[in-house]
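Visitor: this is a predicted model, with the sequence first.
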Amino acid sequence: MAEARDREALSRDEFASAVRESENSHRSEHDHHPHGGYHPAAFRHYVRERALLSALGSMSFASVLDVGCAEGYFMRVIRDRFGAEAWGVDLSDTALKRARELYGFPVAAAEATHLPFADGSFDLVFSTEVIEHVLDAELMIAEMRRVSRGTVLVTTPVSQSADEHEPDFDLKAEGHINNFDPATVRRLFGPEATLGSFRCNATLAMIVAVGRHLPAGMRDAFYDLDHAVSSRWGTPANRIKPLRNRDWLITVPGDGNGEGALEWRCPACHAALAEKPDLLQCTNCTRTYPVESGVPDFFKASTAT
Ligand SMILES: [Zn+2]
């Protein structure tokens, strides 16, 4: 398998295979997706969840797609909080089977750059901590906007050049191949995008040191305090040390024409799919896609003979 830092040199298929292999091998219910509650050391993910839910609280949506949904943690949180119908795609078939098993969500293996939906299928299309890992960020954004008739929301780390990350935190080693400085974000998301950011690490070292060792309920209160402090004073112009690990929270309108039904479509041509035993077949281009344990695999396309 290619190391994360060499992935930029891979072709589209090689890249997706490498990501799938690596996600399948070690990414199981990790701290981005704490199905059993947040690990004390994972509080920046907790703060991110709070920021995401707070942004979603001002939006109106009945259907949502999570691009890079892993085991469906955020789909579950958003469904429970907002009552939205949640769909998800990811590259890791292992994680998707787990999402299916845990929550019964409609999930499929697909690339973020080739989404298996008709135009305008969802009110909200979101992706958290994924776009920094994809080969073609521009295409991923275009695809997210295509399948959204409402809003697209993306979170991703602010580039190290534009922020103060932990000195030993090597984004590249974590498989981040895109770096989002302000100019890049504006260029990729366009003039219509609303660019926000939030701190997803501690503002006050004391809060971290104490808060990490508290039981879950009390720890949440400390993390909320940290979030409040960093939201109030944690601006680039007026820093409280250590201010680290800032994340973008970007929203941009979808541009999906029409109102696609909530159903899987051929990722290659967006035509309807016919259900066959253990596979889906495109009614237009005749490509077939296997279905295993209720999870379609759009990455494994075959051309019918
Ligand atoms: Zn097709």
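Guide: All right, it came through fine. Residues are numbered from 1 along each chain as shown.
Visitor: list, one by one, the residues from the stretch 201-305 of the chain near the ion.
Guide: Within reach of the ion by C-beta under 5 Å from the ion, the stretch 201-305 of the chain has these residues: 266, 268-269, 271, 282, 284-285. C-betas here are computed from N, CA, C, even on glycine.
Visitor: among the residues you listed, name the buried ones.
Guide: 266, 268, 282 (16 or more other C-beta atoms under 10 Å).
Visitor: next step: the residues of the stretch 201-305 of the chain next to the ion restricted to strands.
Guide: Cys282 (DSSP state E).
Visitor: any chance of the residues of the stretch 201-305 of the chain next to the ion in TSV with distance to Gly260 as columns?
Guide: TSV is the format used below for these (distance: C-beta to C-beta, whole Å):
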residue	distance to Gly260
Cys266	12
Ala268	16
Cys269	14
Ala271	12
Cys282	15
Asn284	15
Cys285	18
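Visitor: pLDDT added to the residues of the stretch 201-305 of the chain next to the ion, as TSV?
Guide: Output for those, formatted as TSV (pLDDT from 0 to 100):
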residue	pLDDT
Cys266	97
Ala268	95
Cys269	95
Ala271	96
Cys282	97
Asn284	97
Cys285	96
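Visitor: and which of the residues of the stretch 201-305 of the chain next to the ion is nearest to Thr184?
Guide: Nearest to Thr184 among those is Ala268, at 28.9 Å by C-beta to C-beta.
Visitor: return stretch 99-114 as CSV; C-alpha atoms alone will do.
Guide: Below are the C-alpha coordinates for stretch 99-114, written out as CSV (Å, rounded to 0.1, in the frame of the first residue of the first chain):
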residue,chain,number,x,y,z
ALA,A,99,-22.9,1.8,9.9
ARG,A,100,-25.6,-0.5,8.4
GLU,A,101,-25.3,-2.9,11.4
LEU,A,102,-25.3,-0.2,14.0
TYR,A,103,-28.0,2.2,12.6
GLY,A,104,-29.5,0.6,9.5
PHE,A,105,-28.7,3.7,7.4
PRO,A,106,-28.7,3.7,3.6
VAL,A,107,-25.0,3.8,2.9
ALA,A,108,-22.9,2.9,-0.1
ALA,A,109,-19.2,2.7,-1.1
ALA,A,110,-18.5,5.6,-3.5
GLU,A,111,-15.9,8.2,-4.2
ALA,A,112,-16.6,11.8,-3.0
THR,A,113,-15.8,12.9,-6.5
HIS,A,114,-18.4,10.6,-8.2
